[in-house]
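1. My questions are about this predicted structure, shown below with the sequence.
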Protein chains: 4
Amino acid sequence: MSRPQDLAKRNRILDAALQIFGEVGYAKATIKDIARVADIAPGTVYTYFADKRELFRETVQSAWTELHTELDRIRRSDDSYPTKLSRLRRTGLALLKRMHPILNGMFSESVRMDLFNVNLERFLDQLEELFMESRERGEIHELQDHRQRRFLLRTIACGLLLQISIVDAEHLDAEIERLHEDLERNEQSWLDMNRMLGGNR
Amino acid sequence: MSRPQDLAKRNRILDAALQIFGEVGYAKATIKDIARVADIAPGTVYTYFADKRELFRETVQSAWTELHTELDRIRRSDDSYPTKLSRLRRTGLALLKRMHPILNGMFSESVRMDLFNVNLERFLDQLEELFMESRERGEIHELQDHRQRRFLLRTIACGLLLQISIVDAEHLDAEIERLHEDLERNEQSWLDMNRMLGGNR
Amino acid sequence: MSRPQDLAKRNRILDAALQIFGEVGYAKATIKDIARVADIAPGTVYTYFADKRELFRETVQSAWTELHTELDRIRRSDDSYPTKLSRLRRTGLALLKRMHPILNGMFSESVRMDLFNVNLERFLDQLEELFMESRERGEIHELQDHRQRRFLLRTIACGLLLQISIVDAEHLDAEIERLHEDLERNEQSWLDMNRMLGGNR
Amino acid sequence: MSRPQDLAKRNRILDAALQIFGEVGYAKATIKDIARVADIAPGTVYTYFADKRELFRETVQSAWTELHTELDRIRRSDDSYPTKLSRLRRTGLALLKRMHPILNGMFSESVRMDLFNVNLERFLDQLEELFMESRERGEIHELQDHRQRRFLLRTIACGLLLQISIVDAEHLDAEIERLHEDLERNEQSWLDMNRMLGGNR
DNA sequence: CATGAATGAGCGTTCATTCAT
DNA sequence: AATGAATGAACGCTCATTCAT
């Protein structure tokens, strides 16, 4: 079955889905509500998506894909390591902010649909690539062994994800700002410590 | 409406709810299934809990309360700081393991019911108390300022929570074991670094 | 899942189903309409029947079962062969009359659910038993070989079934009466011919 | 609304309708599927037929019309009575075979749309015409009075129709063959008996 | 207090039909 | 005349909740 080409309408549906899934979670979100927000008839949703599951899947996956793409772009840039970290921080938090509505309701269904683990590991892989490349350029020293690093990366990534997801919309901007600063200061500590320990070697 | 006194039956319902909510998530869990597992009639659930929301609320809160109680006990013990850290690690992961079934399906509803933030902050408060007390006894030096520490604690706590919640039951034991080791090694690094930097002062 | 014991209500639902399935056919019959006729809430239907298919199945099968039972009773009676034929005619047509509402809409779904062939063959088997027994008692001579007889029995049975099913309710009584007479006269011809040919042997 | 002149396309739609109605029955057949098989857009169906009901009506009627035409041709031929019977048998069963897909799902809708009775009676009328003419030519003797004969004809016609309709596609050829033989043997018995009784007069 | 049958609002989904292109 | 995306009413079915027993 071929899908119509009206990408604008498809995106209106995805935006509406993002909003509604975010507001009430997957199970309580209704196609009728999503259609109402997208300003179309309920039946039209099924012209663009096979069923509720696929709509959710596409909604979530589009956010992950954006993250992967951005991280890839940062990695391939000519920026210095600290600049890359800074860009990553800004990009990641901006995406989290945009995805905030859905984060809260997405974990359980994402996991059930196997959308979470695959994307998380892919994200971590790219992050490690970035570190490897920077180390090869002599921009950083290694602090931990592979496993330890992976553990910390995963834990921090999950930690940020969950922290954003539990903020209510009202305080979202302030929280993002706070995390931004905290991450920046933390990075500075790491860079300092890295330099210090690197110098000690 | 006054509540009946049969606490044994109330707990049977809570256990059944923990199991069913965990297996299928809040939205897909049915009162009928919970009642069947608790070996009572569906209507009886409403003698002990006002509605499905309250049943979920009580189910989740009982797990948190257990965590708070355990952490309090550890804090008040006479153990050394490394021992306390070790006990905390073991206790926390054991509870996470027991709560695993429900973790996956609980975030969105927990947040919506404001069960998450309050309990998380209370947990972090206790954790900080533990650090303060240990520092006062000269067992540790401070590495970061209050805010930085809070950020790291919250991020790591959330990170562990989310990591456990996305593991499927089959790999749960292996994952718990892995996290246990990773945390232990990480703690050792911190202790080493703490000692090193402390010595520098 | 055990079913409640309120047989009166179950039968009210079956009667309503008979009426509605008969009026509009399986596909266009709605659970809501059946529930309305049975004077219950739509959901209640699902307390007594698993789904629409099972409700239809039970509705149709109950009629066939009644026919099998009646034919069995006639066979085992002490009546003479002509009396048995007469009783069979009356019983069969009476049942067809009662089932008339559903006949029209039932063929296609019955066949799809494999309700038709099995019951038809069972009916024909019993009919043949009746002939065999009567022949053993010397009440009839055989006119045709087994296959020819089976063919005629099946064709006539199907023919009567279809004829009744295509009569509209308004003319049902007259049609039943007409078929009754026609069958009676036909039987008489057969008996005459049987006697004639029997006498010739 | 005037109808377009593209008869080839109209027939493609009718053929597709015959196939789809036959495969799944009236209610489950969709205009989209019929359009897909006919290789046109769904909307185009409504250029040639007012709605789904009319499309079904035309589909079924075209089959009946074919039967009437064929029977008429046989009647008007110069063949002898036994040859005519034989041709009728062959023609009828061949048409039933071709119509098999639709038979199963058509009774209820056909009756509801009053397509069945009229065509059946017209078919029986033609059949009787054939007998009358053959009797006038002295080819057969009469066995029964008008009413008795009409009853038997109608019953056997309906019986054959229903028997074919309940055969699944897989066994259709074998069943047609079987009915062919049974009818032939039965006709022979009738002819024999007719001759015997005729000779007695 | 316990029961469990009854309730009925509301879900995801389908599809005959329309109509702007 | 042909298209096919859009429509929205209506379906089968679920299940939190109630209440007569």
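-> Nice, I can see it. Keep in mind it's a predicted model, so treat the numbers as computed, not measured.

2. how near is the residue in chain A that DNA strand F sits nearest to to chain D?
-> Using CB to the nearest atom of the strand, A:Gly43 is the residue of chain A that sits closest to DNA strand F, at 1.7 Å. Heads up, the C-betas are built off the backbone N, CA and C, glycines and all. For A:Gly43, the distance to chain D (CB to the nearest CB, to the nearest Å) stands at 13 Å.

3. Do you know the pLDDT at that residue?
-> You'll see A:Gly43 listed with a pLDDT of 94.

4. Also the one 3 residues further on?
-> The predicted local distance difference test score for A:Tyr46 is 95.

5. and it, how many neighbours?
-> 15 (other CB atoms under 10 Å in any protein chain shown).

6. That one sits in which helix or strand?
-> helix A:42-48 (DSSP states H and E).

7. Next: A:Ile34.
-> Per DSSP H and E: helix A:31-38 holds A:Ile34.

8. what residues does that helix touch?
-> Applying CB atoms under 8 Å, 6 or more residues apart in numbering or on different chains, the contact partners of helix A:31-38 are A:9, A:12-13, A:15-17, A:19-20, A:41-42, A:44-45, A:52, A:55.

9. same deal with stretch A:180-197?
-> So stretch A:180-197 is contacted by A:82, A:85-86, A:89-90, A:93, A:140-141, A:143, B:144, B:147-148, B:151-152, B:193 (CB under 8 Å, 6+ apart).

10. Then stretch A:47-63?
-> With CB under 8 Å, 6+ apart, stretch A:47-63 has contacts from A:3-4, A:9-10, A:13-14, A:17-18, A:21, A:26, A:29, A:31, A:34, A:45, A:95, A:98-99, A:102, A:106, A:109-110, A:113, A:115, A:119.

11. restrict these to contacts with DNA strand E.
-> A:29, A:31 (CB under 7 Å from any atom of the strand).

12. can you list the domain ranges for chain A.
-> Per automatic domain parsing, the structural domains of chain A span A:1-49, A:57-200.

13. Nearest to C:Met132, out of the ones you listed?
-> Closest approach to C:Met132 among the domains of chain A (CB to CB): domain A:1-49, 58.0 Å.

14. For A:Ser80, which non-adjacent residue is spatially closest?
-> Nearest in space to A:Ser80, with sequence neighbours left out and distances taken as CB to CB, 6 or more residues apart in numbering or on different chains, is A:Glu139 at 6.7 Å.

15. so what's the backbone phi/psi at the one you found?
-> Per-residue torsions, A:Glu139: phi -80, psi -30 (degrees, to the nearest 10).

16. if we can go back for a sec, in JSON lines: the domains of chain A, plus distance to C:Glu70.
-> Converted to JSON lines, those look like this (distance: least, CB to CB, whole Å):
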{"stretch": "domain A:1-49", "distance to C:Glu70": "50"}
{"stretch": "domain A:57-200", "distance to C:Glu70": "54"}
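
17. lowest-confidence stretch among these?
-> domain A:57-200 (a mean of 80).

18. A:Thr155 against B:Gly159, yeah?
-> Yes - using CB atoms under 8 Å, A:Thr155 is in contact with B:Gly159, at 3.5 Å.

19. now the helices for chain A?
-> A:7-28, A:31-38, A:42-48, A:52-76, A:81-112, A:116-136, A:146-165, A:172-200 (DSSP state H).

20. List the buried residues in the third one.
-> I take that to be helix A:42-48. A:45, A:48 (16 or more other CB atoms under 10 Å in any protein chain shown).

21. burial measure for A:Met99, as a count.
-> 23.

22. what's the burial count for A:Pro101?
-> Neighbour tally, A:Pro101, other CB under 10 Å: 19.
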